[in-house]
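Asker: Need coordinates for the below:
(chains A and B)
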Amino acid sequence: MNNLQSIQYFLPELLIVQLALSIIILDLLSLKRWVNICVYIGLGCSALLLCQLSSPIDGFHIFNGMLINDSFSYYFKWIILISTASIIVISNYSKELDREYSVEFNAMILFVLLGMFLMTNSIDLLMIYLSIELVSIPSYVLAGILKNDKKSNEASLKYVIFGSFASGLMLFGLSWLYGISGSTNIYDIYNSLALVESPYMIYISLMLILVGFGYKISMAPLHYWTPDVYEGSPTVVTAFFSVAPKAAGFAILIRTFSILFTDANSLSVNTFPIHNVNWSLVVAVLSAITMSIGNLLALKQDNVKRMLAYSTISHVGFMLMAFSTTSVEGNIGIMFYLAMYMFMNLSAFFMVIHVENNFNVKNIEDWSGIGYKSPVLSIFMVLSLVSLAGLPPTSGFVGKVYLFRTLFATEQFYWLGIVAILNSVISLYYYFKIVKSMYFSEKVIEEKENIQAPVYTLIVLFSAQNILFYMYWSDLYNYIKGLF
Amino acid sequence: MENYILTLLIFLPVLGAILMLPASKYIKVPNIVKYIALATTGIQILLAAWLYMNFDPSLSVMESPFTVQLKWIEHFNIEYFVGVDGLSIPMVLLTALLSFICILASWNIEKKTLGYFSLFLLLDAGMMGVFLALDFFLFYIFWEVMLLPMYFLIGIWGGPQRHYAAIKFFLYTLFGSLFMLLAMIGLWYFTAPFNGGDGTFNLIRLIELAPQIDAQLWGWNVQWLLWIALFIGFAIKVPVFPFHTWLPLAHVEAPTAISVILAGVLLKMGTYGLLRISYPLLPGEVVAFSYTLAILGVINILWGAMCAIAQIDLKKMVAYSSVSHMGYVLLGMSAAVSPSLAGAEAGLNGAVMQMFNHGTITAMLFLLVGVLYDQAHHRWIVYPENHENQELAGKLAFGGLASQMPIFSAFVALAFFAGLGLPALSGFISEALCFIGGFSAFRLVTAIGTLGILLGAVYLLRAYQRVFLGPLNSSYADLKDINLRELGTVVPIAFLVLLFGVFPKPLVDMVSSSISSLVSIIQGAM
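Answerer: The predicted model follows:
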């Protein structure tokens, strides 16, 4: 489809660009109080547009084969939009952020949002690279948005160095693909790869690309930036990093690898790695390493944000477990899990933000007594933590069951299931360190709690999903299944 | 009524727990939370009694009017499938009874009553759910749901080491149950080819499907791997010998009522799970494993008893006696492969009855220890060597309490005698049946196991002598005898212990027909 015709399918993205630019102009015109209203209305409109576009469709290429417009990408866009919008709302109530730079903050988040939208439907090497960079570069700024905070600056710098290293390697991998095929469209490249005789060339480019994607989703051994960046960034930004870019990263990982490096050249069939280049085994091993490293290092953490950073790594490991099966069930499992993960992780992070706003809290011990100080929110926090640990009665358990299920459905990597189980047990221990701190101590908190209605509502709303999706999840599952 | 009774049994406590939240805020009656808990468990006991009156042991689960089978998650074939049969009804009655009694026994809890009683009711719902669920997925969910209230109940209201005990209990059980989760999903997939391409969690349907599994994994038979995974999950709960170390800690640190629930109901879930899931689904593996099971049972009996002898803490001694008594259940269960049909049925009947009887006896023991602890604020039999008051170290802590608290001592005597299996008390019948069954299958092992009765007499009688007999320790001359509320908690149990000791027929009638069908499944696989 040519550029002009494609625009009608690109309206949400265009609206976001428009929004980001207009709030900067509003700021220049000293109309700052209009910024929030503008952002809320704009995101609402793009949600409406997504609604209209995302009815199940067969994929078709737009912008002359640069992007693909399919249901798979819309599902991820929903997750990305919901999590980003909630972050924007919460950011208005965070005490950590400097009010003076709130417009820059919003604009940066909107640019990342655009990048993540593009990540979900890029099918051209150039678009893949550009969309990832469009996510990365504003993210570096976001990590360092506390200009006077040393840790925030350090986080930003570390992020830049690691990020540019990884994207350099990825670019090198992409250039191999171009060298093999002479094309940048991944469907064309697949046709050439099918004719390649030496698997080593595929292997090298595949590994280098995996570095780039793996860096984005913090897969071991490329996870080193995660704890430092998460700890140093303001909590709102950490919450943002822990969900939306991971979802976008999985979208691009699944799409690129399923199309380029499997026999089927498609997302929607169970298949095997191309030319017997056994990269699914590599992913399986990396998944085991990722979840083990995430969990084992989380055990030792005292800082809540750092601990949640490692927990994010371990959840990525769990999702990679499903990805390693190169099957539809695996993709469905990941998409299903991402929805659950968004709610549980964001509600946990919002609670951290709420607690940081009200009480002087850094480490897990500082949480003592909070269970009795704000009883309702604490119950929901426990719910989210139980969900993160993957126990019933929460949606985290259901999501985990579907991840395990993929191993049985495709009859491979059973050993990974056992590794995952041991990791689940470990993860319970550190999530419950927070619970223990909240409830098992007799400390009485003197400080006054100031409840902000939107924060309160979002925490309750998001953690209530842990129960709702546990009691009934058929429709969500069937919806995802219908996308393929 | 028939259709709703089981659902009511499970979800009534949840309703009570939810009701507590507004009630505690708006109804300004002191102890309103406790009254709601008492009322909820009271109604539950009435419902359970009604269920027992209308229960027809000759009907199978599918014929029973109480069975409810509804679709829950269609694409995964998960059902809301609850039903009751001879295996589960004693456990349901036990759970209802002990829950009610435990609410009474927790009446003097003053710390955060709302939390305590609402969590207790959630725990109650979880336990009921486990015993009534006939869908594996549902079973698993209830099984796990219990862990959370238990964690808080031990961790907030427990003894000095409660934090460690709570997390240890949680991690141990979780470790086992996650293997169960793998086995569950595995069962779904490996039975799918025999069920038209789609697996099922329906435990009744799986009885036909599971034995047909004929696959290999890592050079092992899949059925064998499933058995091992399930066994790890259940064995930790029982607890079977190498996995038992969480038990003494959790039992000792938990508040009295929670120890009662732990020992009285939670331990039975392990053996109940084996009988409900592993035995009918994988009879071939039962046959292969039963000798090991018998040996593990005997190790449990002897190890638990010897550890109990070494204890100087009364509650810890009772906790280890539970390990020992659960060994009888395992031994009885292993008898399912006995060459004589009568022996097999005796063994399994004994096992199920022992589950019920141990539930009552150990509940009584823990309650009585709790009564003593409430007054004396310690429960040492002998003061430990590192006691803070060095003058007391190594000396007898109590002594002669029989003259000070005669009624209390009489009840303790009854509980101890029941615990060591004195004839005419309920423990005797079930232990004897376990040994009869075990002897018909594995002579030598069972013969060694009978030593456990002797060891049981050693620790129980010695403890009784040290605490209750001899001259009265003057520092305890102000102890009061058991009061009316505490009597209310032990008398119903004591009545059951006496009743089933001389007239076990109601219990046998309940379980025997389910046991025969289970035995025929196992014997069919030999």
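Asker: Do you have the helices of the stretch 1-150 of chain B handy? List them.
Answerer: With DSSP state H, counting those that start in this stretch as the criterion, the stretch 1-150 of chain B has helices at B:5-26, B:32-53, B:88-105, B:113-132, B:136-145, B:147-157.
Asker: Hmm, I typed the wrong one, I wanted the stretch 51-200 of chain A.
Answerer: Going by DSSP H, counting those that start in this stretch, the stretch 51-200 of chain A shows helices at A:71-91, A:102-121, A:125-143, A:150-181, A:186-193, A:199-216.
Asker: need those in JSON lines with distance to chain B, can you?
Answerer: Yep, even glycine has a C-beta here, placed from its N, CA and C like the rest. Shown next, in JSON lines, are these (distance: least, Cβ to the nearest Cβ, whole Å):
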{"stretch": "helix A:71-91", "distance to chain B": "18"}
{"stretch": "helix A:102-121", "distance to chain B": "25"}
{"stretch": "helix A:125-143", "distance to chain B": "33"}
{"stretch": "helix A:150-181", "distance to chain B": "31"}
{"stretch": "helix A:186-193", "distance to chain B": "31"}
{"stretch": "helix A:199-216", "distance to chain B": "27"}
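Asker: how about the residues of chain B near chain A?
Answerer: B:73-76, B:112, B:140-141, B:144-145, B:147-148, B:151-152, B:155-156, B:162-163, B:166-167, B:170-171, B:174-175, B:178-179, B:181-182, B:185-186, B:188-189, B:217-218 (Cβ under 8 Å from any Cβ of the partner chain).
Asker: Same list, the helices of the stretch 1-150 of chain B, but as a markdown table with distance to residue B:329, mean neighbour count and mean pLDDT please.
Answerer: Written out in a markdown table, the entries for those read as follows (distance: least, Cβ to Cβ, whole Å; neighbours: other Cβ atoms under 10 Å in any protein chain shown; pLDDT from 0 to 100):
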| stretch | distance to residue B:329 | mean neighbour count | mean pLDDT |
| --- | --- | --- | --- |
| helix B:5-26 | 24 | 18 | 87 |
| helix B:32-53 | 22 | 19 | 90 |
| helix B:88-105 | 12 | 25 | 91 |
| helix B:113-132 | 15 | 25 | 91 |
| helix B:136-145 | 18 | 24 | 90 |
| helix B:147-157 | 21 | 24 | 89 |
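Asker: Reformat these as a markdown table; add distance to residue A:6.
Answerer: Converted to a markdown table, the helices of the stretch 1-150 of chain B look like this (distance: least, Cβ to Cβ, whole Å):
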| stretch | distance to residue A:6 |
| --- | --- |
| helix B:5-26 | 53 |
| helix B:32-53 | 62 |
| helix B:88-105 | 63 |
| helix B:113-132 | 54 |
| helix B:136-145 | 46 |
| helix B:147-157 | 51 |
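Asker: what's the closest of the ones you listed to residue A:307?
Answerer: Closest approach to residue A:307 among these (Cβ to Cβ): helix B:147-157, 19.0 Å.
Asker: hang on, the earlier thing: need the winner for burial among the helices of the stretch 51-200 of chain A.
Answerer: helix A:102-121 (a mean of 24; mean count of other Cβ atoms under 10 Å in any protein chain shown).
Asker: what's the closest non-adjacent residue to residue A:216?
Answerer: Leaving aside its chain neighbours, residue A:216 sits nearest to residue A:249 (3.9 Å; criterion: Cβ to Cβ, 6 or more residues apart in numbering or on different chains).
Asker: Assign that neighbour to one of the three secondary structure states.
Answerer: helix (DSSP: H, G, I helix; E, B strand; the rest coil).
Asker: separation between it and chain B?
Answerer: According to Cβ to the nearest Cβ, to the nearest Å, residue A:249 and chain B sit 27 Å apart.
Asker: Pretty sure that residue sits against residue A:217.
Answerer: Yes: proximity of residue A:249 to residue A:217 meets the contact threshold set by Cβ atoms under 8 Å, at 3.8 Å.
Asker: which residues sit against stretch A:305-312?
Answerer: The contact list for stretch A:305-312, computed with Cβ atoms under 8 Å, 6 or more residues apart in numbering or on different chains, reads A:218, A:226-227, A:229-231, A:235, A:238, A:242, A:246, A:293-295, A:297-298, A:301, A:345, A:348-349, A:352, A:364, A:388, A:427, A:430-431, A:433.
Asker: Kindly report the same for stretch A:41-49.
Answerer: Stretch A:41-49 is contacted by residues A:11-12, A:15-16, A:18-19, A:81, A:84-85, A:88 when judged by Cβ under 8 Å, 6+ apart.
Asker: For chain A, what is the nearest residue in the stretch 251-400 of chain B?
Answerer: In the stretch 251-400 of chain B, the residue that lies nearest chain A is residue B:253 (12.2 Å; Cβ to the nearest Cβ).
Asker: What are the neighbouring residues in contact with that residue?
Answerer: Per Cβ under 8 Å, 6+ apart, neighbours of residue B:253: B:154, B:158-162, B:164-166.
Asker: Quick one: these as JSON lines, columns for secondary structure too.
Answerer: Output for the contacts of residue B:253, formatted as JSON lines (three-state DSSP):
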{"residue": "B:154", "secondary structure": "helix"}
{"residue": "B:158", "secondary structure": "coil"}
{"residue": "B:159", "secondary structure": "coil"}
{"residue": "B:160", "secondary structure": "coil"}
{"residue": "B:161", "secondary structure": "coil"}
{"residue": "B:162", "secondary structure": "helix"}
{"residue": "B:164", "secondary structure": "helix"}
{"residue": "B:165", "secondary structure": "helix"}
{"residue": "B:166", "secondary structure": "helix"}
